[in-house]
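Enquirer: sequence and predicted structure, then a few things I'm wondering about:
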Amino acid sequence: MFITRKDYDKTFELFGTQPTLNDKAPDFTLPSTKGRNVSLDDLKGQVTILSVVPNINTRVCAIQTREFNQRASQLKGINFFTIARNTLDEFSQWCAGEGLDLENLSDVDGTFGKAYGLIMSELNLLARSVFVIDQSLNIAYMEIVSEMTDEPAYQAPIKKALELL
């Protein structure tokens, strides 16, 4: 799969294999801005939205994170995490600047990106994407945004998450 960046007139290949809809989500364990590690197994029995961004300190990534946070904060019974290659300190500084108290997951070592086939060649960043993980840890919804500067769909993953409750 390839991700484009139209304003740079560049295309970036994703390393690895992306997960398949309805298959078990690839395993991961990532450090959280809440001082704990979050693994796929921790999500069992719950509905979870994973919002994946290239870099929290960029405009579209910030919009995506704010938008999902605003919508997800109104939903009961659904976990929500933003994942990026940013450090925990970068996430914490961004949240403080935005006045938000979010639990973000740092993929600074790239293990999530490798497991999900989301690392963009040359950039070493994650491709913008959204995953809904069901109670049995299967991928119930996924979108990998093909243009790096485009926002993902917001309503479709939330609708799918609500259907799973």
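Expert: That came in fine, so what should we check first?
Enquirer: distance-wise, check the residue nearest to L125 when sequence neighbours are not counted relative to S136.
Expert: Distance criterion CB to CB, 6 or more residues apart in numbering; nearest residue to L125, sequence neighbours excluded, is P54 at 4.0 Å. To be clear about C-beta, it is placed using only N, CA and C from the backbone, and glycine gets the same treatment. The gap separating P54 from S136 is 29 Å, by CB to CB, to the nearest Å.
Enquirer: cool, K24 as well?
Expert: 8 Å.
Enquirer: report the contact partners of V52.
Expert: Each residue near V52 by CB atoms under 8 Å, 6 or more residues apart in numbering is listed here: T82, I83, A84, F112, Y116, L118, L126, A127, R128, S129, V130, F131.
Enquirer: contact partners for the closest residue to it other than its chain neighbours?
Expert: Leaving aside its chain neighbours, V52 sits nearest to S129 (4.4 Å; criterion: CB to CB, 6+ apart). By CB under 8 Å, 6+ apart, the contact list for S129 reads V52, Y116, L118, M142, E143, I144, V145, P152.
Enquirer: got it, and L100?
Expert: Taking CB under 8 Å, 6+ apart, one finds R66, N69 in contact with L100.
Enquirer: so it sits in a helix?
Expert: No - L100 is assigned coil when assessed by DSSP: H, G, I helix; E, B strand; the rest coil, not a helix.
Enquirer: what about it, distance to Q135?
Expert: Counting by CB to CB - L100 and Q135 are separated by 27 Å.
Enquirer: biggest helix in the chain by residues?
Expert: Counting by DSSP state H, the longest helix found in the chain is helix 59-72.
Enquirer: please enumerate the strands of the protein.
Expert: For the chain, applying DSSP state E gives strands covering 2-5, 10-15, 29-31, 37-39, 47-52, 78-84, 104-106, 119-120, 125-126, 129-133, 139-144.
Enquirer: save those as CSV, and put in mean pLDDT and distance to L162 too.
Expert: Output for those, formatted as CSV (pLDDT from 0 to 100; distance: least, CB to CB, whole Å):
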stretch, mean pLDDT, distance to L162
strand 2-5, 94, 28
strand 10-15, 94, 29
strand 29-31, 99, 25
strand 37-39, 98, 22
strand 47-52, 97, 8
strand 78-84, 96, 8
strand 104-106, 97, 22
strand 119-120, 97, 31
strand 125-126, 98, 26
strand 129-133, 98, 10
strand 139-144, 99, 11
